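Trainee: just coords:
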DNA sequence: CTGCTGACAAAGT
DNA sequence: TACTTTGCCAGCA
């Protein structure tokens, strides 16, 4: 049985987010088995190796907004990546009801290696 | 051990 | 809707 570190579990979940959809930090934490640790998710994304090709741009905050300050380069990058996937972004805000990934939890849980 | 920081979240105002 | 406050918790100095 493969033992994944908390950070690896977060990366695993982020990798599952489908093209054109998003997921809040807090939900990623929940699915990774780390309830209440949304801030740890942001840390994990920051520390993820560049060669991982992680779809980090699909992770946004619970308000449906991009968590970077609007004048930053990272903000523009994330906004652009999302738009390239067909996601509507208005002033850094995204409609969660329209784009949030809603996986079948029963199926997902059986797929997880942890 | 204490204090600070942060790609957060929820509740108030 | 937009700020602000409070709670949160893993790293790090």
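Mentor: Thanks, I have the structure now. Just so we're clear, the structure is a prediction, and the values are computed from it rather than from any experiment.

Trainee: and the pLDDT for the closest residue to residue A:83 other than its chain neighbours?
Mentor: Leaving out its chain neighbours, the residue that sits closest to residue A:83 by CB to CB, 6 or more residues apart in numbering is residue A:89, at 5.9 Å. Just so you know, the C-beta spots here come from the backbone N, C-alpha and C atoms, and that holds for glycine as well. pLDDT for residue A:89: 97.

Trainee: what's the distance between residue A:56 and residue A:102?
Mentor: 20 Å (CB to CB, to the nearest Å).

Trainee: against DNA strand C, how distant is the nearest residue to residue A:55 once chain neighbours are set aside?
Mentor: Using CB to CB, 6+ apart and skipping the chain neighbours, the partner closest in space to residue A:55 is residue A:17 (5.8 Å). Separation of residue A:17 from DNA strand C (CB to the nearest atom of the strand, to the nearest Å) stands at 22 Å.

Trainee: wait, what's in contact with residue A:17?
Mentor: A:23, A:55, A:58, A:59, A:101 (CB atoms under 8 Å, 6 or more residues apart in numbering).
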